[in-house]
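In: have a look at this fold, sequence not included:
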């Protein structure tokens, strides 16, 4: 009996050791996308801590550079982050004729800031990121990729609750507000509420534009249609666009865009061309993909068309 | 000593049992996309066998319906297959003014056949699928989704090597050839060679079109540019388009499209509108997404523009 146990133990240990000796995989928490998960081969944990708001992890991956993870969900990898940062920034900025003042909600990693700063017309950038730890780890582990622009003289960085900041009415006025939030569970939940959109509307200059992280068509179409329907109460123009990005769930992420501009194609056609110098620094965004980003597959179009608003 | 071994065994076995009692995840083979993998929660293996050509697995997933896997790589899930099947079929078919004869290379699951059959102009469909086991398992486990059209009277089904079939010159002429192949490792490797494209060209009627599975921009841009460059020797018009699809690596898959038509926008603008009845049966393809599918992000455009051919 003892002999059999030892033999069983021997095989069991061998199995465990074999598993441990192969690649270590980081697996994403799948609470918001049950039944599927994306994994990255992990070389080394560079940082793991708990802030006052969330679990913060940075690891070095085998093939995607350094990776920032908040509450178990991948936020950025150095290999593909440009797709998200460029699209969430340049879709609203190029839809505006002359953006001078920009509010970034969230965006603590600095990626959206990096993109906003590429627009010479922009004179004032306010960033309201609730969690200082996100900025700190980005400066430490993404110094050459995401956190390149924190010393831009146009920037005012605040560590504050953006929902409260916008509610108190002393936040000033903006041409463009970009909401680079995590998913609507945890600290970002409040950023998906109607009240938040109403307060953003009140903080916009005439023809102002809001662009928020808008989840994935393939996973959360009902949630997206619900948000679009609700924000239509506040904005005359409401659109949905998306970008491809391998390390986000299902490989895409969308954007809810709202504008006070009532002219035709207020959001889905860029108002300015990309100059040659800026184009050299863009890896995803171009004028043609701006327009293409609003063209949806039929299953999504059917659901989104009734709640989209355009003129 | 024995006591310690038994205790260690006890813990090791507990760990293995704990792992086994939680969700079982199917993990994709990552040979062609190192450092990343996509996993689906697996409820039950429905079939697992080895054909003369490849390993064939069908399992029931928790949230994506039944899943077909060849040599460890996901080919179709019932939840998102329509994106791939519709785009690889309707991009070439709607780029043709009046497609009457269609050759499907591979496509043994029946999904492309289902889409081709939606075109009333089509009088003849030849399918050349090397592996009869793929058709068999599709008829058994995807009867209501993929394998719905195998009794279409226009169909001639052959289990043959398409490369040899096209080489021998007795294959007839086609308006559209669709190559629904797996990746260029294993049985499909030959379908990425220049000779195969040359033989396809010779099997086309005037203004004929070839559309092949063209890998993912985010993963295999060099391979894609290489293929486009090589096929440009045979075709006056060569383009690349892509579609989103969550369960393919990085969430997208592309298509290499080649046409004998030298007119402007021979491929990237549809030549026919989708009639209302057909539109009801399409979940991804529409005329606008046809055009949008050819618009590439800047990092890809830079690489593809020099090898694309249009007039």
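Out: Structure's in. What do you need? Treat the numbers as computed from the prediction; the structure is a model and nothing was measured.

In: can you give me the domain assignment for chain A?
Out: A:25-77, A:81-305 (the TED database).

In: any idea which of these is most buried?
Out: Neighbour counts (mean count of other CB atoms under 10 Å in any protein chain shown) averaged over each of these peak at domain A:81-305, with a mean of 20. Every residue, glycine included, has its C-beta placed from N, CA and C.

In: could you check whether it is close to chain B?
Out: Yes. Applying CB under 8 Å from any CB of the partner chain, one finds domain A:81-305 in contact with chain B at A:82-83, A:217-219, A:243-248, A:250-252, A:279, A:282-286, A:288-289, A:291-292, A:295-299, A:301.

In: one step back: can I get the domains of chain A in a markdown table with mean pLDDT?
Out: Formatted as a markdown table, the domains of chain A follow (pLDDT from 0 to 100):
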| stretch | mean pLDDT |
| --- | --- |
| domain A:25-77 | 95 |
| domain A:81-305 | 95 |
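
In: need the ones you listed in JSON lines (columns: distance to residue B:112).
Out: Formatted as JSON lines, the domains of chain A follow (distance: least, CB to CB, whole Å):
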{"stretch": "domain A:25-77", "distance to residue B:112": "24"}
{"stretch": "domain A:81-305", "distance to residue B:112": "18"}
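
In: go through the ones you listed and name the closest to residue B:113.
Out: Nearest of these to residue B:113, taken as CB to CB: domain A:81-305 at 20.2 Å.

In: distance from the chain centre to the closest one, please.
Out: 8 Å (CA atoms, centre = their mean, to the nearest Å).

In: try stretch A:32-51
Out: Remark: stretch A:32-51 is offset 17 Å from the chain centroid, using CA atoms, centre = their mean.

In: ok, that stretch near chain B or not?
Out: Yes. Contact of stretch A:32-51 with chain B (CB under 8 Å from any CB) involves A:34-41.

In: of these, which is the nearest to chain B?
Out: Nearest to chain B out of those is residue A:35 (CB to the nearest CB; 3.0 Å).

In: from residue B:181, how far out is the residue in the stretch 151-300 of chain A positioned nearest to chain B?
Out: Here the residue of the stretch 151-300 of chain A nearest chain B is residue A:251; by CB to the nearest CB that distance is 1.3 Å. For residue A:251, the distance to residue B:181 (CB to CB, to the nearest Å) stands at 21 Å.

In: repeat that for residue A:199.
Out: According to CB to CB, residue A:199 and residue B:181 sit 53 Å apart.

In: wait, residue A:262 sits on residue A:238?
Out: No. The criterion here is CB atoms under 8 Å, and residue A:262 misses it with residue A:238 at 11.5 Å.

In: the stretch 101-250 of chain A: helices as residue ranges?
Out: Assigned helices in the stretch 101-250 of chain A, in chain order: A:111-116, A:132-141, A:162-167, A:194-202, A:221-231 (criterion: DSSP state H, counting those that start in this stretch).

In: got a list of what the closest residue to chain B within the stretch 51-200 of chain A touches?
Out: Residue of the stretch 51-200 of chain A nearest chain B, by CB to the nearest CB: residue A:63 (3.0 Å). Residues near residue A:63 by CB atoms under 8 Å, 6 or more residues apart in numbering or on different chains: A:40-41, A:79, B:34-36.

In: next one: residue A:218
Out: Residues in contact with residue A:218 (CB under 8 Å, 6+ apart) are A:250, A:252, B:80, B:244, B:246.

In: for the strand or helix carrying residue A:85, packing partners?
Out: Using DSSP states H and E, residue A:85 sits within helix A:81-94. On a contact count with 3 or more CB pairs under 8 Å, 6 or more residues apart in numbering or on different chains; DSSP states H and E, helix A:81-94 meets helix A:111-116, strand A:174-180, strand A:204-213, strand A:237-244, strand A:252-259, helix A:287-292.

In: how big is the angle separating that helix from strand A:174-180?
Out: Interaxial angle, helix A:81-94 versus strand A:174-180 (axes from the mean of the first three to the mean of the last three CA atoms, to 10 degrees): 160 degrees.

In: quick one: helix A:81-94 to strand A:252-259, angle?
Out: Angle between the axes of helix A:81-94 and strand A:252-259 is 10 degrees (criterion: the same axes, to 10 degrees).

In: could you check the angle helix A:81-94 makes with strand A:204-213?
Out: Interaxial angle, helix A:81-94 versus strand A:204-213 (the same axes, to 10 degrees): 160 degrees.

In: would you mind measuring from residue A:230 to residue A:194?
Out: As judged by CB to CB, residue A:230 and residue A:194 stand 5 Å apart.

In: I'd guessed residue A:92 sits against residue A:178; true?
Out: Yes. Using CB under 8 Å as the test, residue A:92 is close enough to residue A:178 to be in contact (6.4 Å).

In: show me whatever sits in contact with both of these two.
Out: Joint contacts of residue A:92 and residue A:178 (CB under 8 Å, 6+ apart) are A:210-211.

In: top strand in chain A by residue count?
Out: In chain A, ranked by residue count with DSSP state E as the criterion, the top strand is strand A:36-50.

In: helices or strands next to that strand in the packing?
Out: The contact analysis (3+ CB pairs under 8 Å, 6+ apart) places strand A:36-50 against strand A:24-27, strand A:55-61, strand A:73-77, helix A:132-141, strand B:36-50.

In: direction included, what does the shortest one pair against?
Out: Applying DSSP bridges to the sheet, strand A:24-27 is found paired with strand A:36-50 (antiparallel).

In: got it, and the third one?
Out: Strand pairing for strand A:73-77, using DSSP bridges, gives strand A:66-70 (antiparallel).

In: the strand it pairs with to helix A:132-141, inter-axis angle?
Out: The directions of strand A:66-70 and helix A:132-141 differ by 170 degrees, with the same axes, to 10 degrees as the criterion.

In: ok, residues contacting strand A:66-70?
Out: Residues outside strand A:66-70 that contact it (CB under 8 Å, 6+ apart): A:26, A:28, A:40, A:46, A:54-61, A:74-78, A:109, A:134, A:137-138, A:141-142, A:145-146, A:182, A:186, A:247.

In: which SS class is the closest residue to residue A:217 other than its chain neighbours?
Out: Leaving aside its sequence neighbours, residue A:217 sits nearest to residue A:300 (CB to CB, 6 or more residues apart in numbering or on different chains; 4.6 Å). Judged by DSSP: H, G, I helix; E, B strand; the rest coil, the three-state class of residue A:300 is helix.

In: I'd guessed residue A:300 sits against residue A:220; true?
Out: No. Applying CB under 8 Å, one finds residue A:300 not in contact with residue A:220, separated by 10.9 Å.

In: what's opposite the residue nearest the centre of chain A in the beta bridge?
Out: Nearest to the mean C-alpha position of chain A, counting by CA atoms, centre = their mean, stands residue A:180 at 4.5 Å. Applying DSSP bridges to residue A:180 gives these bridge partners: residue A:106.

In: pretty sure it sits against residue A:92.
Out: No. Using CB under 8 Å, residue A:180 is not in contact with residue A:92, being 11.6 Å away.

In: just to check, residue A:146 is in contact with residue A:108?
Out: No. Between residue A:146 and residue A:108 there is no contact under CB under 8 Å: 9.5 Å.

In: shared neighbours, these two?
Out: Taking CB under 8 Å, 6+ apart as the contact rule, residue A:146 and residue A:108 both touch residue A:138.

In: since that was my last question, I'll sign off now.
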